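*Asks:* Fold the stuff below for me.
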Amino acid sequence: MREVLVIGGGVAGLSSAIVLAEAGYDVQVAARELGAQTTSAVAAAFWYPYRAYPEDQVTRLAAASLRRFATLAADARSGVLWRDALEVFPGPVTTPAWSSVAEGFAPADPATLPAGYGGGYRFRTAVIETPIYLPWLRARADALGVRVVQRALASLDEALGERPLVINCAGLGARELAADPSVHAVRGQVVRVDNPGISQVWVDEHSGPAITYIVPRSADVVLGGTSDAHQEDRTPDPEHTRQILARCAALEPRLAGARVRSVAVGLRPARPSVRLAVEPRGAGLVVHNYGHGGAGVTLSWGCAEAVHALLQTRAASS
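*Replies:* Coordinates of the predicted model:
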């Protein structure tokens, strides 16, 4: 049986571990952070390609993930929900690259938009309730025999000393682990509030200095956000909280006065482009899977399937 060590315990690492275990690999996961400690746990976590490049590759990967989420949405235990989504713009809009793979994508009638908006589009999206979904991923990995251990690795060579195939899903940690200075943090703050009966996802990326989004889950709503490149302070900023609440209530008035449950900050692991690549190192092999920017959940299953395909191609050519 082919032995693999996956580095990283967020959605990228666990999804890759699951896909490889389903394909018959003997998989172990080593992660510095697990569960609620990961960036994945902070994410608003809905299917939406954001700050990930190049667009054509990201579109293909996002499409593969959406297919998997569509299957998972049929399982109430997974924490995956289907939601209608509306993205709004201050003026006329151009069609995004990912529109060709989105479900139900269509231009929005300007007459139906809030005052001050001149364009938009509607689509169906998967909302991933991370407090449910991350334990579900872990349980799925456990059921497949994946061994998950919380520990830090000092280098890729240390990992290769344990297993001949290593999958690098270290996120922001890839900056040091893979000696990749192009990896940088994009700080994102979110506010979680009670759900006053909202079921539609809202996105406004172009009307102000920060992206605004409203992501309704079954019992709460995740509001955002901020997008501060090269900022790594995880301390919530009260002024950012105030601004997020105000922007979101302007889009959806039912949120005005909603009880705040929590505020959190996550660091998106950005890079000029997603890195999906094979790197031979001595007698071993590293497959890199990081640099997902603000689309870690959106790309998770697509990247996991791409990792498997890279290993298959490598095996066929050796």
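*Asks:* what about the strands in the stretch 151-300 of the chain?
*Replies:* Taking DSSP state E, counting those that start in this stretch to define them, one finds strands in the stretch 151-300 of the chain at 165-168, 184-194, 201-204, 212-216, 220-224, 228-229, 260-270, 275-281, 284-290.
*Asks:* Adding mean pLDDT, write those out as a markdown table.
*Replies:* Output for the strands of the stretch 151-300 of the chain, formatted as a markdown table (pLDDT from 0 to 100):
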| stretch | mean pLDDT |
| --- | --- |
| strand 165-168 | 98 |
| strand 184-194 | 97 |
| strand 201-204 | 97 |
| strand 212-216 | 97 |
| strand 220-224 | 97 |
| strand 228-229 | 94 |
| strand 260-270 | 96 |
| strand 275-281 | 96 |
| strand 284-290 | 97 |
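*Asks:* So which of those is nearest residue 96?
*Replies:* strand 201-204 (10.9 Å; C-beta to C-beta). C-beta: built from backbone N, CA, C; applies to glycine.
*Asks:* Compute the distance between residue 284 and residue 141, please.
*Replies:* Using C-beta to C-beta, to the nearest Å, residue 284 is found at 23 Å from residue 141.
*Asks:* The two - which one has more neighbours?
*Replies:* Between residue 284 and residue 141, residue 141 has the larger neighbour count (other C-beta atoms under 10 Å), namely 22 against 18.
*Asks:* Going by contacts, tell me the helices and strands next to the helix or strand hosting the more buried one.
*Replies:* Element membership for residue 141, per DSSP states H and E: helix 130-143. Secondary structure elements in contact with helix 130-143, counted by 3 or more C-beta pairs under 8 Å, 6 or more residues apart in numbering; DSSP states H and E, are helix 11-22, helix 39-42, strand 147-150.
*Asks:* what distance separates the second one from the middle of the whole chain?
*Replies:* When distances are taken as C-alpha atoms, centre = their mean, to the nearest Å, helix 39-42 is centred 8 Å away from the chain's centroid.
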